[in-house]
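In: Sequence plus the predicted model coming up.
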Amino acid sequence: MLLKVENIYFRYPGGEEVLKGASFSADKGEVVAIIGPNGSGKTTLLMVAAALLEPERGIVLLEDRPLREQLPEARKRIGLVFQEPDDQLFNPTVYDEVAFALRQLLSSVEETDRKVKEAAEKFNIKSSLSKPPYKLSIGEKRMVTLASVLAYDPDVLLLDEPTANLSSKSIQEIEKIVLNARDADRAVVVASHDVEFVANVSDRVYVISDGSMLGGLSAKSVLSDESLLALADMNPPLVPQTLRLLGIKLDDNPLTINDLMRASSLATS
Amino acid sequence: MEGLAEAVDSLSSGTNPALFNPTIAVISALILTGTAAFSYGFKLSALIFAVSVVLVLLTRSPICTWAKILMFILTWATLVSIPVPFITLGAPLANLSLGSIELKVSREGLNAMITFISRVVAAAAIFTSFVSIMGWERIVRGLGGLQMPRELTLLLNLSIIHIPLFLREASMMLSAREARIMRKTRFKDVWRVLATVVGDLLLRSYERAWRLEKAIRSRSFTSTGFLRITPPAKIGAKDLLLFSLTLCILTLGVLGGL
């Protein structure tokens, strides 16, 4: 297992315990989603997984070795994209933002420049390279945050509410990026409230409730389990809801439009 | 508040940021500002003021913004230098009686006042013209090129980014409060509303700073790696021209005794 977070207990100074024995794992080439109500500790859990917060108890393992022992070098293997782009973007220009990590890793200016331009092309931010990040739209800012992390090629990608405040078109782009990251053999962990997004991209889903984790099973089984979804303060995706309202029961239990198309084509054939 | 954020934003980027090498521009700006500030007479200040006007016009920087800043500086310099003609000893030019108080205006005092105002205005004019051309962001980059402590340049950069964000947040919070005020308020009530904004802003700033530190640390692979700065920009003909002009003015100031 590439990333293993085991039995984490965490409390902020002077506050209540946010995480009470939370555990999850993510392996290469899979997308793991963590869903849960507001204030359930999703962001805190991702920060603990990125070794930015020290838990009271519990351990984070990267390739079966404690992550803390591998710092700070191991940071280049883990990329964390924050929920609020303004919290993450701190360089004067988009170019500097994308180059920030590369300048620490690469000695040649030319190579850094090449990698920044490649990332800009891939994330469609080429025209914004000389602009200050805080002047961009929320969708562009989100692309810059992803480019600035994926530019240094981390093995583990942690995304905190990546679709928050985005248009449906931008959400589709984020979905493509997440699926590409999975195809590139990265472990992707997504903390999200967006049930449709989770249904479209995730292989396994955990539900975080009251500081501990449930589930960790396939997306289909978790997202069709209304009692688990109720713990996460979420409704099932639109497709299963619609099918239930129409009284249609399909064997394959489709979650997304693509699943439905596949199931209906199978039924026709 | 929103307007102030816009103004800070516009000064951050500048109208022609890539025109000069940032380090050369910062050196020139500092030398010319220093020369203007320490000039003896009116001639050198006037020359530096003329250079700043030419720079603003040639680079098509917003002359109104530049002029507004200078008007503010001129007013301030005039106000603080009003006592100078009265307290400087010298040949009397005029006598003013203010009730029982007799005030004498001296020629030397008046000269000192004019020199002071011209120095201040010229120094402000040249530095403002560099800021409006280059933008604060390139100025800070130039300071980095001068081997300023990197922690300092990083902090300056963070301030440039976060001051407009902070102002916009304050503006939105004020609007949100205004939207829920259902009756006519007295002027003193405004302070109560402002006080609630200040507290919230402090908390939000603390939280933002906490998350920002995490964001920097999450992409820092060595203990000091994050302090690496942008590689220096190339020096071109325009930079050489600017630097030569700066040195000529400095020489005039030092050797010519202007």
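Out: Okay, I see it.
In: how close does the residue of the stretch 1-150 of chain B found nearest chain A sit to B:V8?
Out: Proximity to chain A, evaluated over the stretch 1-150 of chain B using C-beta to the nearest C-beta, is greatest for B:E137 at 4.2 Å. Any C-beta I mention is one placed from the backbone N, CA and C, and that applies to glycine too. Distance, B:E137 to B:V8, using C-beta to C-beta, to the nearest Å: 12 Å.
In: Kindly report the same for B:L89.
Out: In terms of C-beta to C-beta, B:L89 sits 44 Å off from B:V8.
In: Of these two, which one has the most company?
Out: Comparing B:L89 with B:V8 by other C-beta atoms under 10 Å in any protein chain shown, the one with more neighbours is B:V8, at 17 against 9.
In: can you tell me which residues contact B:T35?
Out: Contact partners of B:T35, counting by C-beta atoms under 8 Å, 6 or more residues apart in numbering or on different chains, are B:L44, B:I48, B:I249, B:L250, B:G253.
In: how about the longest helix anywhere in chain A: buried residues?
Out: In chain A, taking DSSP state H as the definition, the longest helix is helix A:168-183. Neighbour counts over helix A:168-183 (16 or more other C-beta atoms under 10 Å in any protein chain shown) mark A:S170, A:I171, A:E173, A:I174, A:E175, A:I177, A:V178, A:A181, A:R182 as buried.
In: what residues do B:E137 and B:V8 have in common as contacts?
Out: B:I160.
In: Just want the phi and psi numbers for residue 15.
Out: Using chain A. Reported as degrees, to the nearest 10, the phi and psi values for A:G15 are phi -110, psi -180.
In: actually it's chain B I care about, not the one you picked
Out: phi -90, psi -30.
In: and it, how many residues sit next to it?
Out: Neighbour count of B:T15, defined by other C-beta under 10 Å: 16.
In: ok, and the closest non-adjacent residue to it?
Out: B:S61 (4.5 Å; C-beta to C-beta, 6 or more residues apart in numbering or on different chains).
In: Same check on B:I181?
Out: B:V193 (7.7 Å).
In: these two touch, right, that neighbour and B:M173?
Out: No - in this structure B:V193 lies outside contact range of B:M173 using C-beta atoms under 8 Å: 9.5 Å.
In: who's more crowded, the two?
Out: B:M173 (18 against 14).
In: Now do the contacts for the more buried one.
Out: With contact set as C-beta under 8 Å, 6+ apart, B:M173 has these partners: B:V197, B:D200, B:L201.
In: For A:R57, state which of the residues you listed is nearest.
Out: Distance to A:R57, by C-beta to C-beta, is smallest for B:D200 among these, at 34.1 Å.
In: can you pick the most crowded of the contacts of B:T35?
Out: Busiest of the contacts of B:T35 [other C-beta under 10 Å] is B:I48, holding 28 neighbours.
In: could you say which helix or strand contains that residue?
Out: According to DSSP states H and E, B:I48 maps onto helix B:42-58.
In: and that helix, C-alpha only, in PDB?
Out: Extracted C-alpha coordinates of helix B:42-58, given in PDB (Å, rounded to 0.1, in the frame of the first residue of the first chain):
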ATOM      1  CA  PHE B  42      16.600  73.300  -6.400                       C
ATOM      2  CA  LYS B  43      18.300  72.500  -9.800                       C
ATOM      3  CA  LEU B  44      19.100  68.800  -9.100                       C
ATOM      4  CA  SER B  45      15.600  68.200  -7.700                       C
ATOM      5  CA  ALA B  46      14.100  69.800 -10.800                       C
ATOM      6  CA  LEU B  47      16.200  67.600 -13.000                       C
ATOM      7  CA  ILE B  48      15.200  64.400 -11.200                       C
ATOM      8  CA  PHE B  49      11.600  65.500 -11.300                       C
ATOM      9  CA  ALA B  50      11.900  66.100 -15.100                       C
ATOM     10  CA  VAL B  51      13.400  62.600 -15.500                       C
ATOM     11  CA  SER B  52      10.500  61.100 -13.600                       C
ATOM     12  CA  VAL B  53       8.000  62.900 -15.800                       C
ATOM     13  CA  VAL B  54       9.800  61.700 -18.900                       C
ATOM     14  CA  LEU B  55       9.800  58.100 -17.600                       C
ATOM     15  CA  VAL B  56       6.100  58.200 -16.800                       C
ATOM     16  CA  LEU B  57       5.200  59.700 -20.200                       C
ATOM     17  CA  LEU B  58       7.500  57.400 -22.200                       C
END
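In: picking that back up, reformat the buried residues of helix A:168-183 into TSV and put pLDDT next to each item.
Out: Conversion of the buried residues of helix A:168-183 to TSV gives the following (pLDDT from 0 to 100):
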residue	pLDDT
A:S170	89
A:I171	92
A:E173	91
A:I174	92
A:E175	93
A:I177	93
A:V178	94
A:A181	93
A:R182	94
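In: Tell me the one of those nearest chain B?
Out: Among the buried residues of helix A:168-183, and counting by C-beta to the nearest C-beta, the member closest to chain B is A:A181, at 16.8 Å.
In: mind checking how far that closest one is from A:R65?
Out: 23 Å.
In: what residues does the following helix or strand past the helix holding B:I48 touch?
Out: Downstream of helix B:42-58, the first helix or strand assigned by DSSP H and E is helix B:63-81. If you take C-beta under 8 Å, 6+ apart as the criterion, helix B:63-81 is touched by B:7, B:10, B:56-57, B:113, B:116-117, B:120-121, B:124-125, B:128-129, B:132.
In: Same question for stretch B:20-30.
Out: With C-beta under 8 Å, 6+ apart, stretch B:20-30 has contacts from B:126-127, B:130, B:133-134, B:138-139, B:141-143, B:145-146, B:232-236, B:238-239, B:242-243, B:245-246.
In: Let's see which of those residues end up in helices.
Out: Filtering the contacts of stretch B:20-30 for helices - DSSP H - leaves B:126-127, B:130, B:133-134, B:138-139, B:141-143, B:145, B:238-239, B:242-243, B:245-246.
In: Name only those of the residues you listed that count as buried.
Out: B:126-127, B:130, B:133-134, B:138-139, B:141-143, B:145, B:239, B:242-243, B:246.
In: A:G41: which of those residues is nearest?
Out: B:R141 (39.8 Å).
In: Now for the nearest residue to the closest one once chain neighbours are set aside, how many residues are close by?
Out: Of all residues not flanking B:R141 in the chain, B:P22 sits nearest, at 4.4 Å (C-beta to C-beta, 6+ apart). Neighbourhood size, B:P22 [other C-beta under 10 Å]: 25.
In: how near is B:P22 to B:R138?
Out: Distance from B:P22 to B:R138, counting by C-beta to C-beta: 5 Å.
In: Residues of chain A that sit close to chain B?
Out: When proximity is defined as C-beta under 8 Å from any C-beta of the partner chain, chain A approaches chain B at A:47, A:50, A:52, A:72-73, A:75-76, A:78-80, A:82, A:84, A:86-93, A:96, A:99-101, A:103-105, A:109, A:132-135, A:148-149, A:152.
In: Now which of those residues would you call buried?
Out: In the residues of chain A next to chain B, the ones that pass as buried (16+ other C-beta under 10 Å) are A:47, A:50, A:52, A:75-76, A:78-80, A:82, A:84, A:86-93, A:96, A:99-101, A:103-105, A:132-134, A:148-149, A:152.
In: Please name the residues that touch residue 116.
Out: No chain was given, so I picked chain A. By C-beta under 8 Å, 6+ apart, the contact list for A:V116 reads A:Y95, A:V98, A:A99, A:L102, A:L129, A:A151.
In: Wait, chain B was what I had in mind.
Out: Contact analysis of B:F116 by C-beta under 8 Å, 6+ apart lists B:A77, B:S81, B:V84.
In: Now for A:L217, which secondary structure element holds it?
Out: Taking DSSP H and E as the criterion, A:L217 maps to strand A:212-218.
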